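S.K.: Give me a 3D structure for the following:
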Amino acid sequence: MEAALLQKINDQTNIVDLVSEYVELTKAGKNLKGLCPFHQEKTPSFFVSPEKNIAKCMSCQTGGQPITFYKEIKGISFQEAANELAVRAGIIIEDVKKDPLDHIYKMFDETIKFYQFSLMKTEDGAHAMSYLKNRAVKDETIQSYQLGYAPKKSNALYSLLRDKKYDVSDMLNYGLIRQSEEGSYYDLFLDKIIFPIHNEKGLVVGLSGRSLKKDDAVKYINSPESKIFKKSNLIYHLYQALPSIRKQKRIILTEGYMDVIAMDQAGFNETVATMGTSLTKEHVSLLSQITDNIILAYDGDQAGNQATLKAIEAFNKTKVKLDVLIFPEQLDPDEFIKKHGVQALKNHIEHHLKDPFDYRYDMYKHNRDLKNSHDMVAFKDDIIKMIKDADPSVQALYKERLAIELNIDASLIQVKSKNNSTLQLKKKETKKALPNRYFLSEVGLIIAMMQDKKYALKASNELSNNHFADSHMAVLRYQIIKHYESHAIFEIEAFKKQLKDDYLLKFESNVLNDLDYIKKLKKDDKMVEEFIAFIKQSITQRRIDKLIEKRKEHPENAILYVSERDTLIKNMNGDIKS
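M.R.: Predicted coordinates:
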């Protein structure tokens, strides 16, 4: 593409309008600014200049003129970005090669328009519309998601596409119709709500139909696999969610179409779903390229829990920060919103995420009698398998937690890595101690938990097993929570009897070193909030320390490590101020 044409595309693309689709902008003198969509930050460093028609982050230096910005934000090639912006600007590019499947995409467009018309403008579609309304789907959602209705008439779509001169073989090959043994043609989707499935370019490549009959054993049917429709490569609502994913810097992954719609209507536009299939390695690869922060929000029933365990395993070898959102009462996301409301969902996401280790620990423990030798061994084996390739500090924490749970000595728990050698947590592998304020926050929180059960419950709800400044203190927190399960108030002597020798020493030397002072010391809600905030930050502090080490080990990548370190420090400072 010639330079003059590229300049024309840039000149005729309003950078403010383009960037506003992905970033919330505010005035900053003659420019505009917002949070960078390309890296995590809390202080806006992404600036847009209407005068120069450029958008660029002053921190990570990503961005530029409209084509460059669009290329980066969409994760596509420069040529694709130029072509798409040219279409938006109404600029005709003569040398663009025509897609050989363009007529197929047009056939799907005609199909969607027909199904949308059937839903909104026909008597047959009234009961489908009533179903959507009963599911609290809004009119604007029906429009934006292009939802439709496949009528009961067996050849309605076939007749329409035939009259529009589409090839019958294409209708068959791409799963819009079928042929009977007698040779007549009939539509694949009959009397069903239609959900269009889009590819990474926003083109419809397949359909999913939901039955409206309560007694139908199969609720959904999908288009058959084709050149353009492969379920293992497609994520529902991903194309439409990309702007929100860039803004929120995360993906919420659910199991169903209606879950996506309900979450979207609740304000979580970054929600996507797989299509009635298990998470594949292609799905994992695709999602991992888009974001490094994913929340699994699967159904709360047994099937959903099993799917969550498989999904955790699928993401295990990626660098994605994975969290699990557990829905109570075996509800799915859509049902939870209807029963408890949008604000309850927001609170649930803010306060009840679990890391994969914590989630699996609870799942493996569920419905097992740990006084039964068979259940005890099975539970122990599951936890050992879970932590075999984890960070040494995580292994140490869960070995101790398991030892406490089973009332055995931690030395009896042998964790083996993949090469079948027993892991030894050697002194030289011990991580550098965090700054003193984090450790003191651990001590302060433990004292508060001893003084009032409500603080123990608060710590249990807000801190996962990965939140710790000192692994010994984290185990003491866990032990206090266990203590309250059988004691209405905290009893020091009874608690001390629960502890193994090294934890008893830690408790006495770091917590009980001045018992009279502790009894007089009063903790309040605000102080406990601060303790918890610092303990949560300990994860970030460990990451910062790791980046400093990496910078020394790999000076050639110093700029990357320094950039991430500075961003983390900024975010931590913002958390402290807020």
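S.K.: Which positions in the helix or strand in which Lys526 is found come out as buried?
M.R.: In the assignment (DSSP states H and E), Lys526 maps to helix 525-553. Judged by neighbour count (16 or more other C-beta atoms under 10 Å), helix 525-553 contains these buried residues: 528, 531-532, 534-539, 541-542, 544-545, 547, 550-551. C-beta coordinates here come from the backbone N, C-alpha and C atoms, glycine included.
S.K.: counting contacts, what elements does that helix pack onto?
M.R.: With contacts defined as 3 or more C-beta pairs under 8 Å, 6 or more residues apart in numbering; DSSP states H and E, helix 525-553 has these neighbours: helix 436-451, helix 453-462, helix 558-577.
S.K.: Now do it against helix 436-451, angle only.
M.R.: 150 degrees (axes from the mean of the first three to the mean of the last three C-alpha atoms, to 10 degrees).
S.K.: okay, the angle between helix 525-553 and helix 453-462?
M.R.: Using the same axes, to 10 degrees: helix 525-553 against helix 453-462 is 40 degrees.
S.K.: Could I get the full set of helices for the stretch 1-150 of the chain?
M.R.: Using DSSP state H, counting those that start in this stretch, the helices of the stretch 1-150 of the chain run over 3-11, 15-20, 66-74, 78-89, 102-121, 126-134, 139-144.
S.K.: Would you tell me which of those helices gets closest to Pro328?
M.R.: helix 126-134 (23.4 Å; C-beta to C-beta).
S.K.: Would you mind pulling the contact partners of the closest one?
M.R.: Contact with helix 126-134 is made by 119-120, 142, 147, 149, 193, 212, as judged by C-beta atoms under 8 Å, 6 or more residues apart in numbering.
S.K.: and with 10 Å instead?
M.R.: 115, 118-120, 122, 137-139, 141-142, 147-151, 191-194, 210, 212, 258, 261 (C-beta atoms under 10 Å, 6 or more residues apart in numbering).
S.K.: Least confident of the helices and strands packed on helix 525-553, on average?
M.R.: Ranked by mean pLDDT, those end with helix 558-577 at the bottom, a mean of 63.
S.K.: Under a three-state scheme, what state does Asp323 occupy?
M.R.: Judged by DSSP: H, G, I helix; E, B strand; the rest coil, the three-state class of Asp323 is strand.
S.K.: which non-adjacent residue is nearest it?
M.R.: Leu353 (4.2 Å; C-beta to C-beta, 6 or more residues apart in numbering).
S.K.: swap in Glu400?
M.R.: The shortest distance from Glu400 to any non-neighbouring residue, by C-beta to C-beta, 6+ apart, is to Val475 (4.7 Å).
S.K.: helix or strand for that neighbour, which one?
M.R.: helix 471-484.
S.K.: quick one, what contacts Leu6?
M.R.: Residues near Leu6 by C-beta under 10 Å, 6+ apart: 65, 67, 78, 82, 85-86.
S.K.: Of the residues you listed, grab the buried ones for ChimeraX.
M.R.: Provided next is the ChimeraX selection string for whichever of these are buried by 16+ other C-beta under 10 Å:
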select :65,67,82,85,86
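S.K.: which one of the contacts of Leu6 is nearest Thr13?
M.R.: Leu85 (5.2 Å).
S.K.: what's the helix holding Val475 packed up against?
M.R.: helix 392-406, helix 436-451, helix 453-462, helix 492-498, helix 501-510, helix 525-553 (3 or more C-beta pairs under 10 Å, 6 or more residues apart in numbering; DSSP states H and E).
S.K.: what's the distance between Leu32 and Lys52?
M.R.: Distance, Leu32 to Lys52, by C-beta to C-beta, to the nearest Å: 12 Å.
S.K.: Also Ile245?
M.R.: For Ile245, the distance to Lys52 - C-beta to C-beta - is 28 Å.
S.K.: higher neighbour count, those two?
M.R.: For Ile245 versus Lys52, the count of surrounding residues by other C-beta atoms under 10 Å is larger for Ile245: 22 against 11.
S.K.: Doesn't that one lie inside a helix?
M.R.: Yes - assessed by three-state DSSP, Ile245 belongs to a helix.
S.K.: Excluding covalently adjacent residues, which one is nearest to it?
M.R.: Glu270 is the one closest to Ile245 (C-beta to C-beta, 6+ apart), at 4.7 Å.
S.K.: got the contact list for the one you found?
M.R.: Taking C-beta under 10 Å, 6+ apart as the criterion, Glu270 is in contact with 237, 241-253, 263-264, 291, 293-295.
S.K.: Can you tell me which of those residues are classed as buried?
M.R.: Buried members of those, counted by 16+ other C-beta under 10 Å: 237, 241-253, 263-264, 291, 293-295.
S.K.: and the gap between the residue nearest to Phe468 when sequence neighbours are not counted and Asp545?
M.R.: Excluding the flanking residues, the one nearest Phe468 by C-beta to C-beta, 6+ apart is Ala474, at 3.6 Å. Distance, Ala474 to Asp545, by C-beta to C-beta: 18 Å.
S.K.: how far is the strand or helix carrying Met258 from where the chain is centred?
M.R.: Secondary structure assignment for Met258, by DSSP H and E: helix 257-265. The chain centroid and the centroid of helix 257-265 are separated by 14 Å under C-alpha atoms, centre = their mean, to the nearest Å.
S.K.: repeat for stretch 543-557
M.R.: With C-alpha atoms, centre = their mean, you get 27 Å for stretch 543-557.
S.K.: which residues touch Tyr185?
M.R.: 154-155, 157-159, 161-162, 168, 171-172, 176-179.
S.K.: Can you tell me who it pairs with across the strands?
M.R.: Note on Tyr185: beta-bridge partners by DSSP bridges are Gln179.
S.K.: Against Tyr174, how distant is it?
M.R.: Taken as C-beta to C-beta, the span from Tyr185 to Tyr174 is 14 Å.
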